[in-house]
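Engineer: Just to be clear, the model below is a prediction. Sequence and coordinates:
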Amino acid sequence: MTGPQPAGPPPARPDALTSAAPASEGASSGRIPAGSPVFDPTVPNAARIYDYLLGGKDHFPPDRDAGGRLVDTMPLIKASVRANREFLIRAAGDLAGRGYDAFIDLGSGLPTQRNVHQVVQAVNPDARVVYVDHDPTVIAHGRAILNAPGVAMLHGDLRQPDRILDSPILTELIDLGRPVVVVAVAVLHFVGDHEDPGAIVARLRARLAPGSRIVISHACLDGMAPEAVAKGVAIYRNTATPITPRSRAEISALLAGCELEEPGLVEVSDWKPEPDQPHEDIGDARFVGGVADLHAYGAPKSPADP
Ligand SMILES: C[S@@+](CC[C@H](N)C(=O)[O-])C[C@H]1O[C@@H](n2cnc3c(N)ncnc32)[C@H](O)[C@@H]1O
């Protein structure tokens, strides 16, 4: 294990927060794959649909229409999305409490009420967070709102993990020689089978230091009515990010070579629930989630371990 991350976060870098490529630049520059979202309020968009389902304010009529149709199909989906967000918050707080101080949030989404840096910097004010998203709307909102020390916003696509990890925006804040936490919550289902999401996780494992963790959640097919799944998939087909819900076995396979921590890959509301946490019934729109050691065998268990 190498030494700790540098003491104290550097001040917020305006250029880090504004270095996102404009919508027109991303895909054409080759930095973002063709077909990634561009700002278009007339087309439903995954980040804005999620914001609508979470009860946020950053969405347009086509997003509300798509979100409304998802609610018609899966009446408990809003509770499910809230439970997913609460899982992310519990997992990030748990890892910060165990000494992790560097977080890479892939597919971070539109800023919401408790963002990852607010959760982990409440535990350790020196913790650093790099938010990554391929959607220029997310980047623009993040630039405006997430301007805090130790925080950066990177316009990147998780299907290009090396570009993300080699970005100076990231390496200026995060020492990849030490354990980091990759947050991949509610995002790998936007990577199709033909894009090999397991290879993305494998590449992160190859690049990141022993002791690194991945927080994952994923739309899960198990127990879902096939008609509801088909309708949900059809709604996302009209966005730049088609969705691929997977079975728990398929999601586990994405983590091949990783070692899941207890309690494993479980329904998100069952992952280390707070003692007073109400159990929301999310039976018709499942997310499963968990935390895994990216390196299965013999890796240090946390930054605090020798
Ligand atoms: C459902 S939101 C999840 C937000 C947050 N992770 C959470 O769980 O609360 C999914 C986000 O992933 C982003 N996304 C989808 N595919 C992506 C990709 N290939 N690379 C980077 N971001 C992606 C979307 O733009 C969107 O903001």
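Structural biologist: In hand now; what should we look at? Residues are numbered from 1 along each chain as shown.
Engineer: Tell me how many other residues crowd Leu176.
Structural biologist: Other residues lying near Leu176 total 16 when counted by other CB atoms under 10 Å. Placement of C-beta: from N, CA and C, glycine included.
Engineer: cool, and Glu227?
Structural biologist: So Glu227, with other CB under 10 Å, has 9 neighbours.
Engineer: ok, which stretches of the chain are helices?
Structural biologist: For the chain, the helices defined by DSSP state H cover 14-18, 23-28, 46-54, 61-73, 77-97, 116-123, 136-145, 161-166, 168-171, 197-207, 226-237, 248-254.
Engineer: So which of those helices is nearest Val181?
Structural biologist: Val181 sits nearest to helix 77-97 of all those, at 5.1 Å, using CB to CB.
Engineer: who touches the closest one?
Structural biologist: Applying CB atoms under 8 Å, 6 or more residues apart in numbering, the contact partners of helix 77-97 are 50, 53-55, 70-71, 74, 103, 112, 114, 116, 119-120, 122-124, 127, 181, 183, 185-186, 213, 215, 217, 268-269, 271-274, 277, 280-282, 284-287, 289, 291.
Engineer: ok, and of those, which contact the ligand?
Structural biologist: 50, 185-186 (CB under 6 Å from any ligand atom).
Engineer: Now do Glu13, the pLDDT please.
Structural biologist: Quick fix: residue 13 reads Arg, not Glu. In this prediction, Arg13 carries a pLDDT score of 37.
Engineer: re earlier: in strands, which of the contacts of helix 77-97 fall?
Structural biologist: Of the contacts of helix 77-97, the ones assigned to strands by DSSP state E are 103, 181, 183, 185, 213, 215, 217, 287, 289, 291.
Engineer: which two in the residues you listed are spaced the farthest apart?
Structural biologist: Farthest pair in the ones in strands among the contacts of helix 77-97, by CB to CB: Phe103 and Phe287, 19.6 Å.
Engineer: who's more crowded, these two?
Structural biologist: Taking neighbours as other CB under 10 Å, Phe103 and Phe287 compare with Phe103 leading, 29 against 24.
Engineer: Would you mind confirming that that one is in contact with Ala127?
Structural biologist: Yes: if you go by CB atoms under 8 Å, Phe103 and Ala127 touch, sitting 6.9 Å apart.
Engineer: so what sits against both of these two?
Structural biologist: Residues touching both Phe103 and Ala127 (CB under 8 Å, 6+ apart) are 117, 120.
Engineer: Drop anything exposed from the contacts of helix 77-97.
Structural biologist: 50, 53-54, 70, 74, 103, 112, 116, 119-120, 123, 127, 181, 183, 185-186, 213, 215, 217, 268-269, 271, 273, 282, 284-287, 289, 291 (16 or more other CB atoms under 10 Å).
Engineer: how close does Arg64 sit to Ile49?
Structural biologist: 9 Å (CB to CB, to the nearest Å).
Engineer: More neighbours: which of those two?
Structural biologist: The neighbour count for Arg64 versus Ile49, taken as other CB under 10 Å, is higher for Ile49 (25 against 15).
Engineer: quick one, what contacts that one?
Structural biologist: Ile49 neighbours (CB under 8 Å, 6+ apart): 59, 63, 66-67, 70, 239.
Engineer: Could you rerun that using 6 Å?
Structural biologist: Residues near Ile49 by CB atoms under 6 Å, 6 or more residues apart in numbering: 63, 66-67.
Engineer: Give me every residue in this protein lying close to the ligand.
Structural biologist: So far as CB under 6 Å from any ligand atom goes, the chain lies against the ligand at 46-47, 50, 84-85, 88, 107-109, 133-135, 138, 157-159, 185-187, 190, 241.
Engineer: The residue lying closest to Gly264 once chain neighbours are set aside: how many residues sit nearby?
Structural biologist: Excluding its sequence neighbours, the residue lying closest to Gly264 (CB to CB, 6 or more residues apart in numbering) is Gly290, at 5.8 Å. By other CB under 10 Å, 24 other residues sit near Gly290.
Engineer: Return the set of residues that bridge with Gly290.
Structural biologist: Ile216 (DSSP bridges).
Engineer: wouldn't it be in contact with Val268 here?
Structural biologist: No: with contact defined as CB atoms under 6 Å, Gly290 does not count as touching Val268 (9.0 Å).
Engineer: before we move on, the earlier item: can you redo the ones in strands among the contacts of helix 77-97 as TSV with pLDDT?
Structural biologist: Formatted as TSV, the ones in strands among the contacts of helix 77-97 follow (pLDDT from 0 to 100):
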residue	pLDDT
Phe103	98
Val181	98
Val183	98
Val185	98
Arg213	98
Val215	98
Ser217	98
Phe287	95
Gly289	97
Val291	98
